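Trainee: Need coordinates for the following:
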Amino acid sequence: MRSKSKKTENPGKFTVGLLQMAVGKDVNDNLRKAVSWIEKAAKKGAEVICLPELFRSQYFCQTEDIRNFELAETIPGPSTEAISKVVKKHKVVVVVPVFEKRAMGVYHNSAAIIDSNGQIAGIYRKMHIPDDPAFYEKFYFTPGDLGFNSFKTKYGDIGTLICWDQWYPEGARITALKGASILFYPTAIGWHPHEKAEHGKAQFESWQTIQRGHAIANGVYVAAVNRVGLEKQVEKSAGIEFWGQSFVADPQGVVIAQASVDKEEIILAEVDLERIEYIRQNWPFLRDRRIDAYDGIKERYLGK
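Mentor: From the prediction side, this is the model:
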């Protein structure tokens, strides 16, 4: 773990750790594993750590089943309370994805940002909710209502969006404009096994390319953390093969760290505010935005 003196020498830098995990069927085992991996990442020098989307359970949105609402928890709740303890011990910041029970019948796909003192610095609720084969999230999740935000933490200003949000440049832009130096995208994305041979390469490359584009367009770091393994909610189904390959891109879109396709890993990368400043000076996209000409962006469609 980086010492306090070393941190003082580099106040404009911090190390992020992405926890690429396989998720089992026991939610309590998954939580214990997450706590253990946070400790491992902290000992490796990570200061801001991110878990995969809905890390506490297997990806239940493959089916529409009312029993899955039993997996939801409050914020604060079991996940944030357990992780707050390890956060305080190691003085790290952790992005904790949660299937949030907000009220009776109101559920969100959320992320709690726990600062180094163990307190919740903020909550993000997934804004874009997909409804695709084996990704039936609209059955479970109410769209987020907290907007796009940057959260101040001990190590720096960070933003978080969640999975399907990663395809939308508007969310990345607003979060960056609010001061985030890095956009975290906790994710659960994979291949339908029968499509992998034909479409798998293109699907992965599209996913990574658009997020690298967010890094470039906004002059920020982008970190996407995925799970690995084949998960089946119905035994006779093909399930989803999660493609791993968690990565961090710098403000020029260069991938500076990337995990494997099928292994559990902790990957580390450094966020350097001077690098952000340097890239923005040379590629002044924020300077040259025509903010007077974007009124149509809030319309659903502008054609006939």
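
Trainee: what's stretch 271-282 in contact with?
Mentor: 12-16, 48, 156, 181-182, 219-221, 250-252, 286-287 (CB atoms under 8 Å, 6 or more residues apart in numbering). C-beta here means a position set from N, CA and C on the backbone, and glycine is covered the same way.

Trainee: same thing but 6 Å
Mentor: Residues from elsewhere that reach stretch 271-282, judged by CB atoms under 6 Å, 6 or more residues apart in numbering: 12-14, 181-182, 219, 221, 251-252.

Trainee: What does residue 20 show for phi and psi?
Mentor: Here is the backbone geometry of residue 20 (degrees, to the nearest 10): phi -90, psi 110.

Trainee: Equivalent analysis for residue 31, please.
Mentor: Residue torsions, per degrees, to the nearest 10, at residue 31 are phi -70, psi -40.

Trainee: gap between it and residue 274?
Mentor: When CB to CB, to the nearest Å is the yardstick, residue 31 and residue 274 sit 37 Å from each other.

Trainee: Looking at the two, which one has more neighbours?
Mentor: Of the pair residue 31 and residue 274, residue 31 is the one with more neighbours under other CB atoms under 10 Å, namely 17 against 10.

Trainee: For that one, list the residues it contacts.
Mentor: If a contact means CB under 6 Å, 6+ apart, then residue 31 has 56, 82 as its contacts.

Trainee: ok so, going back, of the contacts of stretch 271-282, which is the most crowded?
Mentor: If you rank the contacts of stretch 271-282 by neighbour count (other CB under 10 Å), residue 182 sits at the top with 28 neighbours.

Trainee: where does the spatially closest residue to that one that is not a sequence neighbour land on pLDDT?
Mentor: Computed as CB to CB, 6 or more residues apart in numbering, the closest residue to residue 182 that is not its neighbour in sequence is residue 221, at 4.0 Å. Here, the pLDDT recorded for residue 221 equals 98.

Trainee: Now the host helix or strand of residue 111: buried residues?
Mentor: Using DSSP states H and E, residue 111 falls within strand 106-114. In terms of neighbour count (16 or more other CB atoms under 10 Å), strand 106-114 has its buried residues at 107-114.
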